[in-house]
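J.: Have a look; sequence and predicted model below, questions after that.
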Amino acid sequence: MSKPILVAGLDGRSLLLEASVLHRDNHEVQETLSARALLEALSGSEARLVVLGPHLGGMTLPELVTRIREGSQTRRVSILVLLPAGEPSGLDGEILKAGANAVLRRPLDPARLDAWLSKLLAVPSRVQARVPVSGKVVGTPRTAGSGHFLGLTLNLSMNGMLLASPVRLNPSSDIDLELDIPSPKVRLKALGRVIREAPEVRWPYMGYGIEFLYLPDESFTTLFGMFDGRGPSPRQGIHSTLRREAWVFEILQPVPRGSFWHVEILRAPKEQWRPGKAGPFYVVEGSSREEALSRARDFVVRHG
């Protein structure tokens with residue numbers, strides 16, 4: 001079954017009527033009644049896409065998009081905003097700068113709406129595909145006095161993993177990970193961060209959702225191969241780098257995708273960064289090569 005699409009600030013029934021791709025692919029649309037209700041629903045949802053309109057109540061569109069991008073459990077969702085023709089002309093830019101993937105104005109071109117919905121439901125920056133695996137994990141928390149532990153990985157994605165740990169882990173703690181997966185036979189290394197507790201993992205283990213902050217290049221290539229092309233595109237050359245506090249971000253060379261350009265953003269902790277060795281972070285899009293690069297730089301400055 002497809003992941004739900006969450007809607008706020010507009011009529012979900014109208015969206016179903018306007019977007020033929022949602023009928024064709026049997027997508028479930030869940031309408032929420034306010035910005036706050038959307039944030040609550042999104043934090044516990046597997047949704048990959050939210051569609052927003054102007055009638056939010058208590059929060060502006062740029063404020064809501066910013067809140068979504070700031071949340072560790074919500075920032076990877078795709079965001080499409082639909083605006084009436086009468087909204088101020090500068091609002092589109094504010095919403096895009098806050099982190100939305102696209103803003104469309106009414107009256108909507110049905111073909112363009114379907115194209116954006118299809119693109120955002122499969123956008124490679126989120127990489128929602130997960131592979132159920134059972135392998136051993138040696139973890140070393142980066143806190144003073146912590147030793148090693150031996151746990152299990154229960155599923156794996158390009159962005160992270162579900163960890164069954166025999167020891168309690170602190171929220172937001174960083175952990176050096178070594179994964180030994182028997183089928184297919186692969187070994188991976190990563191720097192991960194605890195982003196949630198996972199109650200679906202049963203005793204005698206404690207469950208945690210882990211986000212990969214850094215993947216060495218060999219591990220990235222191995223992991224990419226496990227997803228049969230469902231992960232991000234093979235890496236392009238580095239266009240530029242940006243330093244933001246404890247992180248170094250690599251902005252890769254733009255890649256043409258139909259009539260648009262995609263730019264992948266990679267990141268690594270400053271003390272571990274080496275050119276070309278950063279892990280996946282995000283992908284942005286622009287109508288030209290220059291616009292895609294500009295949006296990539298803006299995204300790092302605002303959300304890095």
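T.: Thanks, I have it.

J.: all helices in the stretch 101-250 of the chain, in order from the N-terminus.
T.: Remark: helices of the stretch 101-250 of the chain, listed N- to C-terminal, are 110-121, 217-226; assignment by DSSP state H, counting those that start in this stretch.

J.: So which of those helices is nearest L56?
T.: Between L56 and the helices of the stretch 101-250 of the chain, the shortest gap by C-beta to C-beta is with helix 110-121, which sits at 19.5 Å. Backbone N, C-alpha and C define where each C-beta goes, glycine included.

J.: re earlier: could I get the helices of the stretch 101-250 of the chain as CSV with distance to R193?
T.: Below are those laid out as CSV (distance: least, C-beta to C-beta, whole Å):
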stretch, distance to R193
helix 110-121, 25
helix 217-226, 16
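
J.: Quick one: closest of those to G90.
T.: The stretch from those with the least distance to G90 (C-beta to C-beta) is helix 110-121; that distance is 21.1 Å.

J.: Could I get the buried residue list for the closest one?
T.: Buried residues in helix 110-121, counted by 16 or more other C-beta atoms under 10 Å: L113, D114, W116, L117, K119, L120, L121.

J.: Let's see it as PDB, backbone CA atoms only.
T.: What follows is helix 110-121 as a C-alpha-only set of coordinates in PDB (Å, rounded to 0.1, in the frame of the first residue of the first chain):
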ATOM      1  CA  PRO A 110      -3.300  19.400 -14.600                       C
ATOM      2  CA  ALA A 111      -0.300  18.000 -16.400                       C
ATOM      3  CA  ARG A 112       2.200  20.100 -14.400                       C
ATOM      4  CA  LEU A 113       0.400  19.200 -11.200                       C
ATOM      5  CA  ASP A 114       0.600  15.500 -11.900                       C
ATOM      6  CA  ALA A 115       4.300  15.800 -13.000                       C
ATOM      7  CA  TRP A 116       5.200  17.500  -9.700                       C
ATOM      8  CA  LEU A 117       3.200  15.000  -7.600                       C
ATOM      9  CA  SER A 118       4.900  12.100  -9.300                       C
ATOM     10  CA  LYS A 119       8.300  13.700  -9.000                       C
ATOM     11  CA  LEU A 120       8.000  14.500  -5.300                       C
ATOM     12  CA  LEU A 121       6.600  11.100  -4.400                       C
END
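
J.: looking at the helices of the stretch 101-250 of the chain, which has the lowest confidence?
T.: Across the helices of the stretch 101-250 of the chain, the stretch with the lowest average pLDDT is helix 217-226; it has a mean of 72.

J.: What lies in contact with the helix or strand harbouring H23?
T.: Following DSSP states H and E, one finds H23 within helix 20-24. With C-beta atoms under 8 Å, 6 or more residues apart in numbering as the test, helix 20-24 has contacts from I5, L15, L16, H27, V29, P110, D114, L117, S118.

J.: List the pairing partners of the helix or strand just after that helix within its sheet, with orientation.
T.: Helices and strands here follow DSSP H and E; after helix 20-24, the next one along the chain is strand 29-32. Applying DSSP bridges, strand 29-32 is found paired with strand 5-8 (parallel).

J.: pLDDT of the strand it pairs with, averaged?
T.: In the prediction, strand 5-8 has an average pLDDT of 93.
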